[in-house]
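# Dropping the sequence and predicted coords here.
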Amino acid sequence: MAESKNGRYAHIVGWGKYVPNKVLTNDDLSRMVDTSDEWIVTRTGIRERRVAGPKDTTASMGLAAAKEALERAGVRPHEVDLIIVATATPEHVFPSTASLIQDALGAVKAGAFDLSAGCTGFMYALTMGNQAIRSGASEIILVIGAETLSRIMDWKDRATCVLFGDGAGAVVLRAGTLAAGGVLATLCRSDGSGGDLLMLPGGGSKFPASHQTLDQNLHTIKMNGREVFRFATRIMDKSAREVAAQAGIPIENVELIIPHQANLRIIQAAARALKLPDERFFVNLHRYGNTSSASIPIAICEAVEQGKLKPGDHCVMVGFGAGLTWGAALVKWGEPVPLHEPTRLERVYKRLLYIAAGVRSRLVRGLRRIETLLGGTPSPKPTRIDKDKQPKK
Ligand code: COA
């Protein structure tokens, strides 16, 4: 087993998800591009996906998932040490979506950052969270995967627009000992030579937004589907095996595998390569499509809801995506947190807590403005540089 040297383990003690209300079916898509329900289902297994409404953003969806996860964990926002948001579709390039969520939660002592590893983002974020807890640097960490892929989609490209969906999932990691389970092993890998196989070329520092990038449609997903498919089928079973070996758990003793929900054929190929029955793999991609960083945390929530992930189970999570990147974790699922129905008073208290976070944020912004008005922006006085101290030419 990948033992923790100081006996500290990260436990998943809370989980939550948010998916937008709007459902886009394959039939809906067949009215937008030259495709059919039959083609999409046989090639991918996807039947429908969710699409963000006008008020949904990566931060708003991540926030909703985070609140649910905190609620389940019985953790208050001010107890959180660190917030990591895995996303390929951040609210802005900066500030980070994680900082926006931190502010909206009122997680006043938390550090916050975004993590970019394509659809593997959640596995990378879980790994980082696990390591921060094992090292003793953090006690409670919020790990969020959130995506608004519909906003970077080329809705005229039938090869990509049928695959993706929007949504968010979150887990709360808490430090503990091994007895109740925990994250036993993780791995993160990358092969940047395949970067061009799945990318969003425009809007970064290489091709900053311009009329030209818009004309060339560089702000939408570009993908070589066949090559990504080949890569995914190669690494899924290998990384599941590798992380299980690292944890010292034979793969056939793993009760549930939660794979990245990209394509049913990729999952079935992994099942064959691992010689495991299809039922051992959790699948919900028929309802959501590929929600990138959000796919594994949403699947965790639904696996627990459906009783497919039970206390004491060993669960392998495995993701892959742009970069190219891939990652996996073996988690021993802990005892469920005794979830009591919150009393009316508790519900009111929680609502007040989030209202207070909003008020606090506005107050701090207002104070900052007043400070600037009254005192101006402090700037260092120009200092004279003595001629003889100047560097000689
Ligand atoms: N509807 C109908 N036809 C479509 C189509 C659609 N939505 N999308 C593509 N096609 C066409 C192609 O144009 C091609 O036509 P052609 O042979 O006349 O050129 C044909 O279908 C077959 O394309 P092909 O690429 O061989 O299909 P495929 O069996 O490989 O399936 C994918 C395509 C995209 C479903 C598959 O490659 C895949 O899932 N790749 C991985 C993508 C992925 O998971 N990305 C995210 C990773 S995180």
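Now that the structure is in, tell me what you want to look at.

# Low-confidence regions, the stretch 101-250 of the chain specifically.
179 (pLDDT under 70).

# How about the contacts made by the closest residue to the ligand within it?
Nearest residue of the stretch 101-250 of the chain to the ligand (CB to the nearest ligand atom) works out as G225 at 3.0 Å. Just so you know, the C-beta spots here come from the backbone N, C-alpha and C atoms, and that holds for glycine as well. Each residue near G225 by CB atoms under 8 Å, 6 or more residues apart in numbering is listed here: A159, T160.

# Got phi/psi on it?
Main-chain dihedrals, G225, degrees, to the nearest 10: phi -60, psi -40.

# Domain boundaries for the protein, per the record?
Taking automatic domain parsing as the domain assignment, the record places the domains of the chain at 9-332, 341-370.

# For the nearest residue to G176 once chain neighbours are set aside, the count of nearby residues, please.
Residue nearest to G176 in three dimensions, not counting chain neighbours: H11, with 4.8 Å by CB to CB, 6 or more residues apart in numbering. Neighbours of H11 under the rule other CB atoms under 10 Å: 27.

# same check, this time on the one 4 residues further on
Residues contacting W15 under the criterion other CB under 10 Å number 25.

# Can you tell me the SS state at it?
Under DSSP: H, G, I helix; E, B strand; the rest coil, W15 falls in the strand class.

# ok, now which ones touch it?
Contacts of W15 by CB under 8 Å, 6+ apart are E68, A69, R72, G169, A170, V171, V172, P297, I300, C301, V304.

# now stretch 115-122: how far from the chain's centre is it?
On the basis of CA atoms, centre = their mean, to the nearest Å, stretch 115-122 sits 7 Å off its chain's mean C-alpha point.

# oh sorry, the question was meant for stretch 65-73
That offset, for stretch 65-73, works out to 15 Å (CA atoms, centre = their mean).

# repeat for stretch 206-225
With CA atoms, centre = their mean, you get 24 Å for stretch 206-225.

# what's the first-to-last distance across it?
24 Å (CA to CA, to the nearest Å).

# Pull up the residues of this protein that are close to the ligand.
35, 39-40, 43-44, 119, 158-159, 162-163, 223, 225-226, 228-229, 262-263, 290, 320-321 (CB under 6 Å from any ligand atom).

# From the residues you listed, list the buried ones, please.
Buried subset of these (neighbour count, 16 or more other CB atoms under 10 Å): 35, 40, 43-44, 119, 158, 162-163, 223, 228-229, 262-263, 290, 320-321.

# what two of these are the furthest from one another?
T35 and F320 (24.1 Å; CB to CB).

# Can you mark which positions in the biggest helix by length in the chain are buried?
Using DSSP state H to define each element, the chain has its longest helix at helix 344-375. Neighbour-count burial for helix 344-375, counted by 16+ other CB under 10 Å, picks out K350, A357.

# which strands and helices sit next to it?
helix 97-105 (3 or more CB pairs under 8 Å, 6 or more residues apart in numbering; DSSP states H and E).

# change it to 10 Å
The contact analysis (3 or more CB pairs under 10 Å, 6 or more residues apart in numbering; DSSP states H and E) places helix 344-375 against helix 58-73, helix 97-105.

# Show me what the first one is packed against.
Packed against helix 58-73 by the contact rule (3+ CB pairs under 10 Å, 6+ apart) you find strand 9-18, strand 82-86, helix 97-105, strand 140-147, strand 167-176, helix 295-305, helix 344-375.

# Could you figure out how far it is turned away from helix 295-305?
Angle of helix 58-73 versus helix 295-305, following axes from the mean of the first three to the mean of the last three CA atoms, to 10 degrees, is 30 degrees.

# Give me the distance between helix 58-73 and the centre of its chain.
Centroid displacement of helix 58-73 relative to its chain, using CA atoms, centre = their mean, is 12 Å.

# again, but for the shortest one
In terms of CA atoms, centre = their mean, the centre of helix 97-105 is found 14 Å from the chain centre.

# send the alpha carbons of that helix over as CSV?
In CSV, the C-alpha atoms belonging to helix 97-105 read as follows (Å, rounded to 0.1, in the frame of the first residue of the first chain):
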residue,chain,number,x,y,z
THR,A,97,-12.8,30.6,-10.4
ALA,A,98,-11.6,29.1,-7.1
SER,A,99,-11.2,32.6,-5.6
LEU,A,100,-14.7,33.6,-6.7
ILE,A,101,-16.1,30.5,-5.1
GLN,A,102,-14.0,31.1,-1.9
ASP,A,103,-15.5,34.6,-1.7
ALA,A,104,-19.1,33.5,-2.3
LEU,A,105,-18.8,30.8,0.3
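
# Going by contacts, tell me the helices and strands next to it.
Applying 3+ CB pairs under 10 Å, 6+ apart, one finds that helix 97-105 contacts helix 58-73, strand 82-86, strand 111-115, strand 140-147, helix 344-375.

# go with 6 Å
For helix 97-105, the elements it packs on are helix 58-73, strand 82-86, strand 111-115, judged by 3 or more CB pairs under 6 Å, 6 or more residues apart in numbering; DSSP states H and E.
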